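Participant: sequence and predicted structure, then a few things I'm wondering about:
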Number of protein chains: 2
Amino acid sequence: MIRIITAQLDIRPGQIRANWEQIEKEIRRAKDAGADILVLPEMCLTGYLIGDLWDQNAFLRECEAYNQRLAAAAQGLVILWGSCAVDWTRIQDDGRVRKYNAAFAAAEGRFLTPRGSRRPYTIKTLLPNYRQFDDRRYFTGAAAAAAEDGLPPGGFLRPFGQRLQGGTLAAGVLLCEDSWDENYAVHPMDLLAAHKPDLFFNLSASPFTLGKNEKRHRMLTAATGRLHVPMLYVNHRGLQNNGKDCYTFDGMTAAYSTDGQLAGEAAPYTEARSAFLFDPETHALTPERPMPPHTGDLLLPALRYGVSHFLKDIGVSRVVIGVSGGIDSAVNAALYRSILPADQLLLVNTPTRFNSETTKHLAADIAERLGSPYVTIPIGDFVDRTAEVLASLTIRTAEDAKNLAPTSFMKENIQARDRSGRILAALAASFGGIFTCNANKTEFTIGYATLYGDMAGALAATADLWKHQVYQTGRALNDFFGEAVIPEGIFTIRPSAELSDAQAVDKGLGDPLVYDYHDYLFRSFVEPWQRSTPEDILRWYAEGTLEAHIGTPLAVKDIFPDAAAFIADLEKWWKLFAGFAVAKRIQSPPLLAVSRRPYGYDLRESQLAPYFTDAYLALKEQLLTH
Amino acid sequence: MIRIITAQLDIRPGQIRANWEQIEKEIRRAKDAGADILVLPEMCLTGYLIGDLWDQNAFLRECEAYNQRLAAAAQGLVILWGSCAVDWTRIQDDGRVRKYNAAFAAAEGRFLTPRGSRRPYTIKTLLPNYRQFDDRRYFTGAAAAAAEDGLPPGGFLRPFGQRLQGGTLAAGVLLCEDSWDENYAVHPMDLLAAHKPDLFFNLSASPFTLGKNEKRHRMLTAATGRLHVPMLYVNHRGLQNNGKDCYTFDGMTAAYSTDGQLAGEAAPYTEARSAFLFDPETHALTPERPMPPHTGDLLLPALRYGVSHFLKDIGVSRVVIGVSGGIDSAVNAALYRSILPADQLLLVNTPTRFNSETTKHLAADIAERLGSPYVTIPIGDFVDRTAEVLASLTIRTAEDAKNLAPTSFMKENIQARDRSGRILAALAASFGGIFTCNANKTEFTIGYATLYGDMAGALAATADLWKHQVYQTGRALNDFFGEAVIPEGIFTIRPSAELSDAQAVDKGLGDPLVYDYHDYLFRSFVEPWQRSTPEDILRWYAEGTLEAHIGTPLAVKDIFPDAAAFIADLEKWWKLFAGFAVAKRIQSPPLLAVSRRPYGYDLRESQLAPYFTDAYLALKEQLLTH
C-alpha cells in the first residue's frame, strides 16, 4: 500500500517565504506519518491570483530558488507540487521570459523528470482565459511548447515514474483546468491515460463559486470511470483576490476511484491535510479514515470564511457597520458578528427625519441581540447645513443665474455620503478598524446606491448576492446562531432606502423594485452562460416564456398591465445596468465572490452607452403597435 | 492611379448603429471623391474596448447584420474594414461561439474572398494578451484556425485580389498587432509578403500612449523597407475604455512607402479622412495632398482630447474643480478650462485653518485668470463638529474603554473626505455636472490621497502623470493659452496637502516626498519593460548606478546620509505601493491613460502583502552591517 498525504494549504498569495515555511512543516509531518507521497496544490509557493507580479524577475528567481529547496527536502518521500517553471532561454509572445504553470515531482532530494521528457516538470496544457482567469496572460501552455519541438499538443504529457514500495508508480499529474476539458480541442486526461498512469493527481487552485464542486464531481467521476484511472484532487484553501474580486478556496481534496466514484472528500474550508491509501495492484484509492462527502449549502460557510480571512489578511479585528434596520445591514452585522467577538463590532444608526421609528427600533433591536456596542448619530442637521451652504450660492453663467440649492433627490445622495463618507469612515478610523459596504448584487446591477455613500467600505461582503439570497443568508445566520439574532421584523418589512418621504416604510413605501422579479431579470443579464439582453428578454416576453427563462416566481402579467409598462421597466433598468451603474462599479469596493459571474474582474465592463439592437427595436415596435 | 480614401473615424464603442451611420456617410463621401478604395479601421462597427459585450449573442448577430449592410453598400468602390466575424458552427476554448477579429473586403455589393481561402475575410493572426489587451479572451487567432484545417500558422494569410483600373490589385490586409510581431514566433507581414501583395493595409485600433507612434514608425519603416511593400496604416480616433483606463485613439493614418519611408501622416486627434494615390506600376504610395509628419509633444493634445471626449460621452458640460492653490488642481482647472467655456467651470476653495494665505490667494488668482466662477466654502467648522461627535463617544470593550476622539492624522482624512465626499459631490450635482479627481500618478503609487476624499471624482485626468509631468503640463497649458493662466507662484511653491501644521507651506513644509527622486523611483516600479523591485533598486544603489537606472536628476547621496536611511525610505514606499495603495486604487476613479503602464486594467494588481525577496534581505543585511 502506498500512503499519500495531501496538504490543502492556506496558500498566501505572493508570499513565497511564508508558504515555504508552511510546506516545510507539512513535509516533516508527512514523514512522521510514514507517507510515501506528499501532494501539494498548484502554485503552492507563489499563490495563484497575484496579478502582474509575474512581471517581476526577482519574484521569478525567488520562486525558482524555493523550487530547488522543495526538491532538496524530498528525502524519504516523494513530493508533488505545482509551481512556476521559468525558462530564461526563451521568451513568450509578450516578449517576457518564458514561464510555465508547471507540476514538479521530487524524490531523494532531486527533481524527477517525466518519462521521455527533457524537462524536470510537466506543463499545464489548458490555460483558462475567461471569466476571472488570465492564465494565458502569464504562461505558455504545453501545446505551444510541444509545437516548438515539432511534437503534437500532448507531446509533453507523460507520467512521472518512481519506484515505491517495491514497484514503480506511474503518476499522471494534471493541473486544474487540464481536467476541465469539455470545451477544448485537446483532452489532457485522455492523452495522459494513453501512457498508462496508475493514478492521476490533479493539483488545483480552483476558486469556490456556487455549484462549482457539483460540476467538478460530475466531470471527474465521468472521466475516472471512463478512463479507469483513479484521481486525487488537491486544491488550495484560503482567500485570494484580483483586486475587485475576493475568492475563497475551499480546499476539499477529493479522491475519485477507478470506477468513477467519489471515494471521499475533505471538509470544506477547514481540513488542512488528508491521508489516502493507494493499492498498486488493484488501483484502489481510499481515504485512510472515513471522509464522507460534504452535504449542505456552502454559501454561508464561504461568506464567513471569506470575511474572516479578509480581516486577518489586512490585520483588522474591529469593524464598524452602519445598521439601518433593513435586511442588508442586518445580514452584514450578523455575518461579522459570527466571526468577531461582540465588542469588536460597532453598530451605528445615523437617522434623519426620513427614518421611521420602526426601522430605528429594528436597528437597536439587532444590536441588542448581537450584544455589540451601538450608537445613534443623527445626521439630519449636517445634511441640512450642507444644503444651506449650497442654497446660499448662486452661480452666474452666460445662460442663467443658477442657485445651487439641492433638490430632494440630491439631498438623498448627500445623506448617503454623509453616513458613509463622513460618519462611518471617521468612526472606523477612531475605533481602529474598517467599515463595511452592505450593498447587494441587485443594487450593484443598477447602481441603486450612492458613490462615496452606501457604495463605500473596505469590503462588500454581500455584493455578489441577489436580494433574495441576502434574505436566505439572514435565515442561515439565524440558524447558525441557533436564535433569531436578526429579528423577524427585518425579514418582513418592505425594503427601503428611507432617504425621502417617497420611501416611507410605515406607509408601505420603499425601493422601486419588485425583487422577486427584478432579481431574476438582472441575474439573467449577468450570470447565465448565455447572458440575456433586452432582445432576448422581449422575445421571451412575447412568447410568454419569460418566467421560465429567467426563473422568477412571479407572473409577469401580474406586475405589468401591458407591453408598454413592461418595456418601460426593462429599458429603464437596462440603461442603468449598462450605463451609469458601470461608472459606479468602477469605483466600488472589492467584493466577496460567490456566484458564477461576479462584477469586477470576472464580468469585465467598459463604460459605454447602453445599446438596443435593431431586432429589439423591431420587436418593441411590433408589441407597442399591437 | 488608384485613389484610396481612409476614414479614421471616431468609433463609438458598442454603438454599432451609430458607427454604421458614420460609415454610410463616409461611403457617400468617398464615392463623390472618386475613390477606388475606402479603408476603415479594425473593429469599426463595434469599437475595440468593449469588455465582455462579446458574450452577448444578440450583439454578435447585430454585428453580422451590419457587416452585410457594409458589403452591400460597396457599390462602385472597394471597401476594406475590420469587424468581428462569427462562426456559429464552432466554439472557442471558452465554450462560447467562435469569433474572429477579422478584416473584410467588399466590392460590387459582395464580400471578397482572399485568394485560396474559403472564408470571406482574413483573420487577425497575433492576438495581444498583455498590458491592457485581452484579444485572446475574446477571439480565436488565424494560426489556431489554420491548425484545425491542417495548415501552417500562415495558412490563411492571403491577399484579397480585385480588378481595379484595368489591373488586379493584391491587397495584403493586416490587423493591428499583426505588424507588431517582434516577440512572436509567427511573422504575418513576412508570410503575407510571400504572396506578392501590391500593398499592405494595416487596420488598427491602437490606443495612444507616449512613445508609441515613434515605435510604430521604427517598426513599419523597417518592415516596408525590408519587404519592399508599401503600407497604409489606418487607426481609430476617439476615446475608449476598459473601465478603469480611458484611452485616446489618435487616428494618425500613415503611409509608408516601398523604400521604408514615412510618406505622410494625418494630424493627430483631428483629421477624419485622408486621400492617397497608389501607382500600380511603381507601387508608389503618396498622399494626394501634402501630409507632413507630425512633430511635437502629444501629451497635452491627448489630455485635452481625452477629457473633452469623456465629457461628451457622459453628456456633461459643467465641471466642479476643487482648487487648493497647488499645481495638481491648477493643472486640472486649466486643462478643463482649455475645453469648456469659463462659466461652465466652477472652482471651489474649501479652506481650514491649515490652509495658508499664500495658497488661498493662489487659488483665487487662478480662478480670476481663468475667468471662471469661484466660491470659497470654509469647512473647518464641519470638520470640528464631526470630531466633536466622535469625541463624545466612548465604546466599552472587554479590553478597554475606547474614546473615539480622532487623532490629528484622522482629522486630516476627515478634512479630505469633507472636501470631496461632502462639498464637491453636492456642488457638482447642484451645478449639473461632475467633479474632478486631481490626483497624480505619484500619489496613486503610494496612496498619498484619501479614499472618498481627494481620490474621488468622475475622472482622474492627471492620474497617469508623475508629479514632474504635471508641472510640464502646467507649462504646456500656459503656452497653449498664450499667457500664464497658472500663476508662477503655483509652480514654485512647495507641494503640500496642507492638512496639518506639519504641512505648513509658509514654513517651507509640505509633502514627505522628494519628487525629483521619488517620481523616478516609483516610475521604475511600474513603467519600464523590466519593472524594478527593491532587490534591483538596492543592487543598483550598492553599485552606485541607481541614478542612471531610474533616471532621477538628483544624486542619491545628497538625499540619504547613509544606507540605513536609503533603505528605510525604500521600504516605506514599497510597502505602501505594493500594499495599502492597491486597496485605494481598487476604488479609484477611471483615469486618462497616457503612459506605457497606467494603473487600473493595464497593471493588474491583487491586494497582497508586500514582499521582499531573500536576495533583497541578504543585500540589506550586508549594507547595514558594513
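Facilitator: On my side now, so go ahead. Numbers count the residues shown, from 1 in each chain, chains lettered A, B, ... in the order given.

Participant: any idea how far the host helix or strand of residue A:361 is from the middle of the chain?
Facilitator: Under the criterion of DSSP states H and E, residue A:361 resides in helix A:357-370. Mean-position distance between helix A:357-370 and its chain equals 31 Å (CA atoms, centre = their mean, to the nearest Å).

Participant: would you mind listing the buried residues in it?
Facilitator: A:359, A:360, A:362, A:363, A:364, A:365, A:366, A:367, A:369, A:370 (16 or more other CB atoms under 10 Å in any protein chain shown). Every residue, glycine included, has its C-beta placed from N, CA and C.

Participant: any idea how far the fourth one lies from residue A:107?
Facilitator: The one in question is residue A:363. Per CB to CB, to the nearest Å, residue A:363 is found 61 Å from residue A:107.

Participant: just the first one next, same as before
Facilitator: With distances defined as CB to CB, the gap from residue A:359 to residue A:107 amounts to 65 Å.

Participant: residue A:249: what's it in contact with?
Facilitator: Contact analysis of residue A:249 by CB atoms under 8 Å, 6 or more residues apart in numbering or on different chains lists A:11, A:205, A:206, A:207, A:208, A:235, A:236, A:237, A:238, A:239, A:240.

Participant: so which of these comes closest to residue B:598?
Facilitator: Residue B:598 lies nearest to residue A:240 out of those, by CB to CB, at 23.7 Å.

Participant: what sits closest to the closest one if chain neighbours are left out?
Facilitator: Nearest non-adjacent residue to residue A:240, counting by CB to CB, 6 or more residues apart in numbering or on different chains: residue A:49, 3.9 Å away.

Participant: my read: the one you found touches residue A:247, true?
Facilitator: Yes - shown here, residue A:49 and residue A:247 form a contact pair, counting by CB atoms under 8 Å, at 6.8 Å.

Participant: could you tell me which residues touch both of these two?
Facilitator: Residues touching both residue A:49 and residue A:247 by CB under 8 Å, 6+ apart: A:132, A:207, A:240, A:241.

Participant: what's residue A:537 in contact with, if anything?
Facilitator: Residue A:537 is in contact with A:521, A:524, A:546, A:550, A:570, counting by CB under 8 Å, 6+ apart.

Participant: go on, residue A:346?
Facilitator: By CB under 8 Å, 6+ apart, the contact list for residue A:346 reads A:318, A:319, A:320, A:321, A:372, A:373, A:374, A:375, A:427, A:431, A:433, B:395.

Participant: centre of the chain versus the helix or strand containing it, how much separation?
Facilitator: According to DSSP H and E, residue A:346 maps onto strand A:345-349. Here strand A:345-349 is found 27 Å from its chain centre; the criterion is CA atoms, centre = their mean.

Participant: for that strand, which strands pair with it and how are they oriented?
Facilitator: The strands beside strand A:345-349 in its sheet (DSSP bridges) come out as strand A:319-322 (parallel), strand A:374-376 (parallel).

Participant: select, out of these, the one closest to residue B:45.
Facilitator: Within the strands paired with strand A:345-349, the stretch nearest residue B:45 is strand A:319-322; the backing value is 46.0 Å (CB to CB).

Participant: could you pull up the mean pLDDT of the closest one?
Facilitator: Across strand A:319-322, pLDDT averages out at 98.

Participant: how far does that strand sit from its chain's centre?
Facilitator: Worked out by CA atoms, centre = their mean, strand A:319-322 lies 22 Å from the chain centre.

Participant: next step: the shared contacts of residue A:49 and residue A:247 restricted to strands.
Facilitator: The members of the shared contacts of residue A:49 and residue A:247 that map onto strands under DSSP state E are A:240, A:241.

Participant: between the shared contacts of residue A:49 and residue A:247, which sits nearest residue A:542?
Facilitator: Closest approach to residue A:542 among the shared contacts of residue A:49 and residue A:247 (CB to CB): residue A:132, at 34.9 Å.

Participant: OK, contacts around that closest one?
Facilitator: Listed by CB under 8 Å, 6+ apart, the contact set of residue A:132 reads A:49, A:207, A:242, A:245, A:247, A:593, A:598, A:601, A:602.

Participant: again, but for residue A:523
Facilitator: Residue A:523 is in contact with A:466, A:550, A:551, counting by CB under 8 Å, 6+ apart.

Participant: and if you look at residue A:268?
Facilitator: Contact analysis of residue A:268 by CB under 8 Å, 6+ apart lists A:208, A:250, A:251, A:252, A:294, A:298, A:301.

Participant: what is the neighbour count of residue A:556?
Facilitator: Residue A:556 has 17 neighbouring residues, counting by other CB atoms under 10 Å in any protein chain shown.

Participant: please save the CA atoms from the longest strand along chain A in CSV.
Facilitator: Using DSSP E, we find that the single longest strand of chain A is strand A:78-91. Output of strand A:78-91 as CSV, limited to C-alpha atoms (Å, rounded to 0.1, in the frame of the first residue of the first chain):
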residue,chain,number,x,y,z
VAL,A,78,8.1,11.8,-3.0
ILE,A,79,6.7,15.3,-3.2
LEU,A,80,4.4,16.5,-5.9
TRP,A,81,3.7,20.2,-6.2
GLY,A,82,2.6,22.9,-8.5
SER,A,83,4.8,26.0,-9.1
CYS,A,84,6.1,28.3,-11.8
ALA,A,85,8.9,27.0,-14.0
VAL,A,86,11.0,29.6,-15.8
ASP,A,87,12.9,29.1,-19.0
TRP,A,88,15.3,32.0,-19.1
THR,A,89,16.5,31.0,-22.6
ARG,A,90,13.1,31.6,-24.3
ILE,A,91,10.5,34.3,-24.4
